[in-house]
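Enquirer: Please find the sequence and the predicted model below.
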Amino acid sequence: MTVEEGMKQTENAYQLLIKVNNLMTDAVVNAYMFTWQWWFGVGLFIIPWIVWFLFRDKKCTGRLLIGGFVTIILSLIIDLIALSYGLWSYPMKISPIAPLLFLPYHFSLDPVAIMFVIQIKPKTNPLLKGIIFAAIAAFGGMNFFAMLDFYNSKGWPTIYDFFIFLFTFLIAYGFSNMDSFRKLTDPS
């Protein structure tokens, strides 16, 4: 295949993605919007952040947010790879934006849960905290969302989810506990 043929193939794929997005938009607007599942998804997007804002350790807000943002980035990367290979899917959509993703998971549930776990009992061994978090998230949370048809594992083993959650937690924990934070100063 030449570069020009690759460019044509890429453009054809892009046109297919536009068609997929139009199908997803139609499903959101005409099937999902304003159903109890849609409202539940909207609540999952908003309520965790409100709870976090009220109950976060205010002295550590910046550190916790770094852990949350790292979680968002990691969960998006992992999900985009898995979704592009069809390893799992999210049948329920609350927004036609990013049609393959379940936005409340990536931008609210996972980062807020990890930020809370990081701040609870900060002297506890992070591996132990990560294992407990990953077990609850994988074996409880993912199975709960599968029952609601928000998540379709397509045969993806839950134990793999456990290791993904553990990995994400440990990386976020590491970033949120870095000792290299200093105020920016003018170099002159």
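Expert: Here it is on my side, so go on.
Enquirer: And the contacts of the lowest-mean-pLDDT helix or strand in the chain?
Expert: Between all helices and strands in the chain, the lowest mean by mean pLDDT, DSSP states H and E belongs to helix 103-104, at a mean of 85. Helix 103-104 has contacts (C-beta atoms under 8 Å, 6 or more residues apart in numbering) with 41-42, 44-45, 94-95, 97. (Each C-beta comes from the backbone N, C-alpha and C, glycine too.)
Enquirer: So which of those residues belong to helices?
Expert: 41-42, 44-45 (DSSP state H).
Enquirer: who wins for neighbours among these?
Expert: Ranked by neighbour count (other C-beta atoms under 10 Å), the ones in helices among the contacts of helix 103-104 have Gly41 at the top, with 24 neighbours.
Enquirer: Run through this protein and note the low-pLDDT ranges.
Expert: Counting by pLDDT under 70, the chain contains low-confidence residues at 99, 181, 184, 187-188.
Enquirer: let's see it at 80
Expert: 96-101, 180-188 (pLDDT under 80).
Enquirer: which residue ranges form the helices in it?
Expert: 3-27, 36-55, 61-84, 103-104, 110-119, 126-135, 143-147, 158-176.
Enquirer: Please state the offset of the third one from the chain centre?
Expert: Think helix 61-84. Averaging C-alpha positions (C-alpha atoms, centre = their mean, to the nearest Å) puts helix 61-84 6 Å from its chain's average.
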